[in-house]
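Participant: please work out how this folds:
(2 chains, ligands or ions: 4)
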Amino acid sequence: MKPDFGYSINQSQKIDLDQTPKDVAAFVLRFEPSFAICIGCGTCMATCSAGHFTHFNLRMAQLMVMRGQIKKIHEDIEKCMLCGKCQMLCPRGVNTRNVVLAIHRFTHPLSRT
Amino acid sequence: MRERFIYDPFVLPFMAGFIYILIYLFAGIIKTVKELPYEDRKKLGKSIFSRKIFVSIKEIFIECLIHRKIWKRNPVLGYMHMSIAFGWFMLIILGHLEVQLYCPDRVKLPYFPIFFRYFMMETETTLKGSLLFFLMDFFLLMVLTGIGLAIYKRINSRLMGMRRTTKLKIGDSIAVYTLWAIFPLRLLAESFTSGISGGSFLTRGFGLVFESFVHNEALIRPMWWAYSIALGAFFFALPFSRFMHIPTEILLIVLRNAGIKSRKTNAGYGNIELYSCSRCGICIDACQMSSAAHLDRKTTVYFMRMLRDEKGNIEEAAQQCLMCGRCVDACPVGIDSCRLKQNVRRSGSFHSPQQYQYIPPAETIRTDVLYFAGCMSHVTPGIEKAMRTIFEKAGVNYRMMDEGGGICCGRPVMLLGQEESAAVLIRKNTDIILQSNAKLLVTSCPICFKVFNEEYDLPIPVMHHTQYIEQLLDTGKISVNHTGLSVVYHDPCDLGRNSGGIYQPPRQVLYQVAYVMGNPNEREKSLCCGASVGNAVLTNDQRRKIARDALEKLTEEHPDILVTACPLCKKTFAGAGTQQVEDIAQIVVKAMDQ
Ligand code: SF4
Ligand code: SF4
Ligand code: SF4
Ligand code: SF4
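Facilitator: Numbers count the residues shown, from 1 in each chain, chains lettered A, B, ... in the order given. Ligands and ions are numbered 1, 2, ... in the order given. Presented below is the predicted three-dimensional model:
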């Protein structure tokens, strides 16, 4: 048995953009085109009602959509209360609530139309 | 008078249509009544055998025949609707009266009163005869003027105060064109026959004119054939056209007066509302998605048509609405189209029972007055700050329910159709309220106010801060000085129209602190700021157009300040132009300091 010193090798954080699924981003962009103008400034997460209690972070969710990291978003996106604060404050005018709904739709294949 | 015939084959098209529509309506009524929940059916039964039925009959007369609400909107439009509906009604009544007077045994034949002039021959002119002839001609003329206006409205609807009218579909077109044809054909048929069976100023006059250049006798039967065919075709097209609203609206009025309301499904009452839409298009002009953002095809009338025909992307159509309620206010039939949309949204939603489990259990806050700022006030901190000042100056024992950010009231998710998710939020907020022992809940946001009032089951009263400030002023807990400023007050949709009309309290407060300028877009005619959480699909560009347009209309008189009572409206208007915008709480605080 190998001695366990409490150290281990980090899992690779590498994201191979050639390998990532692009359908989620395409879907969300089609559903809510204003998603394209997000600059990742993070204003939305700074005010988020859900983010007050959890690590839910819309900016991250948007990044993950672009990277096709669908599994992670799946649980996260449901935390949003659709309150609309983020939309009110977004400096770019992204329709963030519809972005959330789009991601929601994608991650619930049954409701995808 | 002498009877010439009792039957002619030309009555057949009319009879076929007539029997068809009778069966259709009968089956329709049975189906609808069956769809109603048991308690609604009980209510209906009770109301039919009570005084309420007279109220209904009166309303049917005033709204379905005279069209009072449309008169109020625009007299020419009102006259157009009335002349066709009331004129036709009188022709039917008088036609039956004629048969009753001259050949009572023929009343049993449904076609007889309709084609009376063909079957009976005028041999003498009695007083009652000439009076009836005159009245028949008079009402025929009335209907014809209405038809004339209807044709003109298709070309130029602005005469009737409407900027836009609905585009017709095929069933509508057949019904419209046959309806337009019925009365001119009747005029021709009766005019050609007037030499034999008499007539008054209109039919007799036309008859004489025709006689001078055509041989009337030869044209009598073809004209009656054409008239009968037009009637029959109209009846056949009726169920596939907007004119179905004629019989359905009667049923709607009876159901409404029986105390039946639309519920969380569109079956039963909702269906009747759907069929009662006359596609008059009045809701198109009322809707700012059309007037400011040029989305005419997204307005209620088109949604109603899609829902009725079960064609197109109904779910999407139901989503494209600010839920501002302006079209509901404008609708002459009284259709609660927002509820119909909400029901569609609900059925198309997706839920996850897991979500919101992360929300921590409620911590106990003990206080007398609980203040819920709401998400929107958290991003407009000026309002929250003003409310704190007011509470403190009034010496009220208050606590904030969502200090530093709480959970959402639930209305935004609910509006997007996700009721189960909303229920979780409602339960969590209810826990906090119940544990607080508070005697009053005050909100700053009309969106929260509405949902706390209507969807929460709370043992304590809920007040919007406009109402609360009015109360504080009335009881002398706070006092204000007049600021000398001129203001225009904007009624937020969810506080005014959508909450049963809280229009007076904010004004009572404002009268004490500023000069309140009137505005054509106030109270139930109030404009939506465009940022409504009811619509998730409207683009920001479209929202901006609505906001700018509304702001322009509200500030035509150049007030010093535009006052609102909704954090969302405040933020939206402030971003739409250079006008100074303030919440009512802020201007009150300003007036307290002076
Ligand atoms: S606030 Fe707007 S621009 Fe900034 S990260 Fe959020 S969505 Fe993107
Ligand atoms: S709408 Fe959702 S993401 Fe935006 S602030 Fe509210 S909870 Fe956060
Ligand atoms: S919903 Fe009302 S206002 Fe709109 S077209 Fe129908 S009847 Fe007219
Ligand atoms: S509720 Fe408002 S936005 Fe929706 S259709 Fe009616 S008027 Fe238009």
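
Participant: hey, which helix or strand in chain A has the poorest pLDDT?
Facilitator: Within chain A, no helix or strand scores below helix A:70-77, which has a mean of 80 by mean pLDDT, DSSP states H and E.

Participant: tell me what the helix or strand just after that one is packed against?
Facilitator: Elements were assigned by DSSP states H and E; along the chain past helix A:70-77, the next helix or strand is helix A:85-89. When contacts are defined as 3 or more Cβ pairs under 8 Å, 6 or more residues apart in numbering or on different chains; DSSP states H and E, helix A:85-89 packs onto helix A:43-47, helix A:96-107, helix B:374-378. For the C-beta atoms, the positions are set from N, CA and C on the backbone; glycine is no exception.

Participant: closest one to ligand 4 among those?
Facilitator: Closest approach to ligand 4 among those (Cβ to the nearest ligand atom): helix A:96-107, 16.3 Å.

Participant: ligand 3 contacts on chain A?
Facilitator: Proximity of chain A to ligand 3 (Cβ under 6 Å from any ligand atom) involves no residue at all.

Participant: hang on, I meant chain B
Facilitator: B:277-283, B:300-301, B:304, B:330-331, B:333, B:335, B:337.

Participant: give me the contacts around the least confident helix or strand of chain A.
Facilitator: With contacts defined as Cβ atoms under 8 Å, 6 or more residues apart in numbering or on different chains, helix A:70-77 is touched by A:21, A:24, A:56-57, A:60-61, A:64-65, A:100, A:103-104, A:106-107.

Participant: just flag the most distant two among those residues.
Facilitator: A:Pro21 and A:Phe56 (21.8 Å; Cβ to Cβ).

Participant: can you pull up the most central residue in the chain?
Facilitator: Looking at chain A here, since you left the chain open. A:Ala61 (1.2 Å; Cα atoms, centre = their mean).

Participant: chain B was what I was after
Facilitator: Centre-most residue of chain B, counting by Cα atoms, centre = their mean: B:Cys331, 2.5 Å.

Participant: show me the shaky parts of the chain.
Facilitator: Since you didn't name a chain, this refers to chain A. Along chain A, the model assigns pLDDT under 70 to residues A:1-2, A:109-113.

Participant: chain B was what I was after
Facilitator: B:1, B:122-127, B:161, B:164-165, B:216, B:347-353, B:594.

Participant: and the residue of it found nearest ligand 1, how many neighbours does it have?
Facilitator: Residue nearest to ligand 1 within chain B (Cβ to the nearest ligand atom): B:Asn540, separated by 10.8 Å. Neighbour count of B:Asn540, defined by other Cβ atoms under 10 Å in any protein chain shown: 18.

Participant: look up phi and psi at it.
Facilitator: Here is the backbone geometry of B:Asn540 (degrees, to the nearest 10): phi -60, psi -30.

Participant: list the contacts of the residue lying closest to it once chain neighbours are set aside.
Facilitator: Spatial nearest neighbour of B:Asn540, excluding adjacent residues (Cβ to Cβ, 6 or more residues apart in numbering or on different chains): A:Gly93 at 4.1 Å. Taking Cβ under 8 Å, 6+ apart as the criterion, A:Gly93 is in contact with A:Ser34, A:Ile37, B:Asn540.

Participant: for the stretch 301-450 of chain B, what spans make up the helices?
Facilitator: In the stretch 301-450 of chain B, the segments counted as helices under DSSP state H, counting those that start in this stretch are B:314-319, B:326-330, B:337-347, B:374-378, B:381-394, B:411-415, B:419-436, B:446-454.

Participant: could you dump these to CSV with distance to ligand 2 and mean neighbour count?
Facilitator: Formatted as CSV, the helices of the stretch 301-450 of chain B follow (distance: least, Cβ to the nearest ligand atom, whole Å; neighbours: other Cβ atoms under 10 Å in any protein chain shown):
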stretch, distance to ligand 2, mean neighbour count
helix B:314-319, 16, 19
helix B:326-330, 25, 22
helix B:337-347, 17, 21
helix B:374-378, 7, 28
helix B:381-394, 16, 19
helix B:411-415, 7, 27
helix B:419-436, 11, 19
helix B:446-454, 13, 25
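
Participant: can you add distance to B:Asn257 and give those helices back as a markdown table?
Facilitator: Putting those into a markdown table (distance: least, Cβ to Cβ, whole Å) gives the following:
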| stretch | distance to B:Asn257 |
| --- | --- |
| helix B:314-319 | 28 |
| helix B:326-330 | 19 |
| helix B:337-347 | 18 |
| helix B:374-378 | 37 |
| helix B:381-394 | 42 |
| helix B:411-415 | 29 |
| helix B:419-436 | 29 |
| helix B:446-454 | 23 |
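
Participant: figure out which of those is closest to B:Ile220.
Facilitator: helix B:326-330 (46.6 Å).

Participant: ok, back up a step: render the CA-only coordinates of the least confident helix or strand of chain A in PDB, please.
Facilitator: Written as PDB, here are the backbone C-alpha positions of helix A:70-77 (Å, rounded to 0.1, in the frame of the first residue of the first chain):
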ATOM      1  CA  ILE A  70     -23.400  21.100 -19.700                       C
ATOM      2  CA  LYS A  71     -23.400  18.700 -16.600                       C
ATOM      3  CA  LYS A  72     -22.400  21.400 -14.200                       C
ATOM      4  CA  ILE A  73     -24.900  24.000 -15.400                       C
ATOM      5  CA  HIS A  74     -27.700  21.500 -15.200                       C
ATOM      6  CA  GLU A  75     -27.900  21.600 -11.400                       C
ATOM      7  CA  ASP A  76     -26.900  25.200 -11.100                       C
ATOM      8  CA  ILE A  77     -29.300  26.900 -13.400                       C
END
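
Participant: does ligand 1 have contacts with that helix?
Facilitator: No - residues of helix A:70-77 are not located near ligand 1 by Cβ under 6 Å from any ligand atom, the shortest gap being 13.8 Å.

Participant: give the buried residues for that helix.
Facilitator: With burial defined by 16 or more other Cβ atoms under 10 Å in any protein chain shown, the residues of helix A:70-77 counted as buried are A:Ile70, A:Ile73, A:His74, A:Asp76, A:Ile77.

Participant: close to ligand 2, is it?
Facilitator: No - Helix A:70-77 does not reach ligand 2 (Cβ under 6 Å from any ligand atom); its nearest approach is 8.9 Å.

Participant: what does chain A put close to ligand 1?
Facilitator: A:38-44, A:58-59, A:90, A:92, A:94, A:96.

Participant: mind putting these into JSON lines with neighbour count?
Facilitator: Formatted as JSON lines, the residues of chain A next to ligand 1 follow (neighbours: other Cβ atoms under 10 Å in any protein chain shown):
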{"residue": "A:Cys38", "neighbour count": "20"}
{"residue": "A:Ile39", "neighbour count": "11"}
{"residue": "A:Gly40", "neighbour count": "12"}
{"residue": "A:Cys41", "neighbour count": "12"}
{"residue": "A:Gly42", "neighbour count": "12"}
{"residue": "A:Thr43", "neighbour count": "20"}
{"residue": "A:Cys44", "neighbour count": "26"}
{"residue": "A:Leu58", "neighbour count": "27"}
{"residue": "A:Arg59", "neighbour count": "20"}
{"residue": "A:Cys90", "neighbour count": "21"}
{"residue": "A:Arg92", "neighbour count": "15"}
{"residue": "A:Val94", "neighbour count": "24"}
{"residue": "A:Thr96", "neighbour count": "30"}
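
Participant: name the nearest residue to the closest residue to ligand 4 within the stretch 401-550 of chain B, sequence neighbours excluded.
Facilitator: The stretch 401-550 of chain B approaches ligand 4 most closely through B:Cys528 (6.1 Å), counting by Cβ to the nearest ligand atom. Nearest residue to B:Cys528, sequence neighbours excluded (Cβ to Cβ, 6+ apart): B:Cys324, at 3.7 Å.

Participant: settle this for me: that neighbour is touching B:Val533, isn't it.
Facilitator: No - B:Cys324 is not in contact with B:Val533 according to Cβ atoms under 8 Å; the separation is 11.2 Å.

Participant: what's the burial count for the residue nearest to B:Gly404 when sequence neighbours are not counted?
Facilitator: Spatial nearest neighbour of B:Gly404, chain neighbours left out: A:His52 (7.9 Å); criterion: Cβ to Cβ, 6+ apart. A:His52 is flanked by 15 other residues according to other Cβ under 10 Å.

Participant: kind regards, and thank you for your time.
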